[in-house]
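K.L.:
sequence first, then the predicted structure, then my questions.
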Amino acid sequence: MIKNLLFSLLIVFGLFFVNDQIVAGPPFRTDDPIPVPLHHGELYLFSTAVFDDTGASGVGPAVEFNYGILPNTQFHLVLPMAFSAPKGEASHVGYGDTEVGVKFRFVDQSTYMPAVATFPLVEIPTGNASMNLGNGEAQIYLPIWLQKDMGKWTIYGGGGYWINRGVGNKNWKFAGLLVQYNFTDAFFLGAELFHQTPSSVYSKDDTGLHFGGGFPVAKNFQILFSGDLGNGITSYKHFSYYFGFYHTF
């Protein structure tokens with residue numbers, strides 16, 4: 001129900017406005033359909049983690065690289081250091097799972113249509129699963145993302161299906177909707193509502209609300225941040241964050 005509501009809200013809000021497209025995505029989990037322009041790139045140095053009653057896990061430092069390889073087409077790569085600190089057990093740090101993907105926009109934004117793209121990802125199991133630094137099996141994500149801009153406001157969202165093989169793992173779904181206010185091209189604040197189904201036999205549904213944004217620190221450089229205080233939308237109590245440095249070239 002929540003996934004259908006998020007998709008419906010996105011379409012209802014998005015069909016009546018038009019403006020220049022704003023590139024979005026990190027620091028939120030919900031992504032956008034706008035690829036990096038041809039022969040331009042993005043570089044993120046970031047950390048993200050989750051803390052709950054079982055301990056903490058995440059990545060950082062990690063590097064995300066995006067590059068416009070063709071018109072409307074972006075190559076994507078994430079190289080992470082991962083960490084796992086379960087309560088009452090030994091902590092581990094090491095290289096995590098490598099993420100590779102391609103974002104392809106097949107509908108441009110117009111007066112009555114949002115921009116639409118697909119962004120398939122593959123999580124290559126390069127991390128040590130026995131130390132909780134990786135999944136142990138390849139994961140594949142098949143999403144659709146939409147976006148509409150209206151003056152200084154941007155709305156984007158969508159979702160997809162994760163193919164998640166491995167012992168104890170479950171295929172799972174993600175849907176998200178984000179509303180963002182752009183004070184300038186480099187200074188923005190936003191709020192994200194998302195829902196995901198369980199990714200393993202040990203996890204539960206999670207509905208979350210993230211707040212975050214970005215602000216400039218130098219030409220073509222931003223600081224990005226977001227957080228989820230485990231706000232009681234579901235019974236899963238936790239704290240999560242994203243913090244990163246962003247450079248365009």
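P.N.:
In hand now; what should we look at?
K.L.:
quick one, what contacts the spatially most central residue of the chain?
P.N.:
Nearest to the mean C-alpha position of the chain, by C-alpha atoms, centre = their mean, lies R29 at 2.8 Å. R29 makes contact with 174, 176, 192, 194, 210, according to C-beta atoms under 8 Å, 6 or more residues apart in numbering. Yep, even glycine has a C-beta here, placed from its N, CA and C like the rest.
K.L.:
which of the residues you listed fall in strands?
P.N.:
174, 176, 192, 194, 210 (DSSP state E).
K.L.:
tally of neighbours for the third one?
P.N.:
The reference is to E192. E192 has 22 neighbouring residues, counting by other C-beta atoms under 10 Å.
K.L.:
all strands for the chain, in order.
P.N.:
Counting by DSSP E, the strands of the chain are 41-52, 55-70, 73-86, 92-95, 98-107, 115-118, 121-124, 139-150, 153-164, 172-182, 188-196, 206-218, 221-228, 238-248.
K.L.:
so which of those is nearest S130?
P.N.:
Minimum separation from S130 across those (C-beta to C-beta) falls at strand 92-95, 9.1 Å.
K.L.:
any idea how far the residue of the chain positioned farthest from its centre is from S200?
P.N.:
Relative to the centre of the chain, the most outlying C-alpha is that of G88, 30.1 Å out, by C-alpha atoms, centre = their mean. From G88 over to S200 the distance is 20 Å, taken as C-beta to C-beta, to the nearest Å.
K.L.:
would a markdown table of the strands of the chain with distance to G25 be doable?
P.N.:
Shown next, in a markdown table, are these (distance: least, C-beta to C-beta, whole Å):
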| stretch | distance to G25 |
| --- | --- |
| strand 41-52 | 9 |
| strand 55-70 | 9 |
| strand 73-86 | 10 |
| strand 92-95 | 23 |
| strand 98-107 | 9 |
| strand 115-118 | 11 |
| strand 121-124 | 12 |
| strand 139-150 | 9 |
| strand 153-164 | 9 |
| strand 172-182 | 9 |
| strand 188-196 | 11 |
| strand 206-218 | 11 |
| strand 221-228 | 10 |
| strand 238-248 | 10 |
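K.L.:
would you mind giving those strands as TSV with mean pLDDT added?
P.N.:
Shown next, in TSV, are the strands of the chain (pLDDT from 0 to 100):
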stretch	mean pLDDT
strand 41-52	95
strand 55-70	97
strand 73-86	97
strand 92-95	97
strand 98-107	98
strand 115-118	98
strand 121-124	98
strand 139-150	97
strand 153-164	97
strand 172-182	97
strand 188-196	95
strand 206-218	93
strand 221-228	95
strand 238-248	94
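K.L.:
now T154: how far from F194?
P.N.:
For T154, the distance to F194 - C-beta to C-beta - is 16 Å.
K.L.:
just the CA coordinates for stretch 35-50, please, in PDB.
P.N.:
What follows is stretch 35-50 as a C-alpha-only set of coordinates in PDB (Å, rounded to 0.1, in the frame of the first residue of the first chain):
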ATOM      1  CA  PRO A  35      22.100  11.500 -15.400                       C
ATOM      2  CA  VAL A  36      25.400  13.400 -15.400                       C
ATOM      3  CA  PRO A  37      25.800  15.500 -18.500                       C
ATOM      4  CA  LEU A  38      27.800  14.000 -21.400                       C
ATOM      5  CA  HIS A  39      31.600  14.100 -20.600                       C
ATOM      6  CA  HIS A  40      31.000  15.500 -17.100                       C
ATOM      7  CA  GLY A  41      31.400  13.800 -13.800                       C
ATOM      8  CA  GLU A  42      30.600  13.600 -10.100                       C
ATOM      9  CA  LEU A  43      32.700  12.500  -7.200                       C
ATOM     10  CA  TYR A  44      31.500  11.700  -3.700                       C
ATOM     11  CA  LEU A  45      33.600  10.900  -0.600                       C
ATOM     12  CA  PHE A  46      31.100   9.800   2.000                       C
ATOM     13  CA  SER A  47      30.100   7.600   4.900                       C
ATOM     14  CA  THR A  48      26.700   6.100   5.800                       C
ATOM     15  CA  ALA A  49      25.700   3.800   8.700                       C
ATOM     16  CA  VAL A  50      22.900   2.500  10.800                       C
END
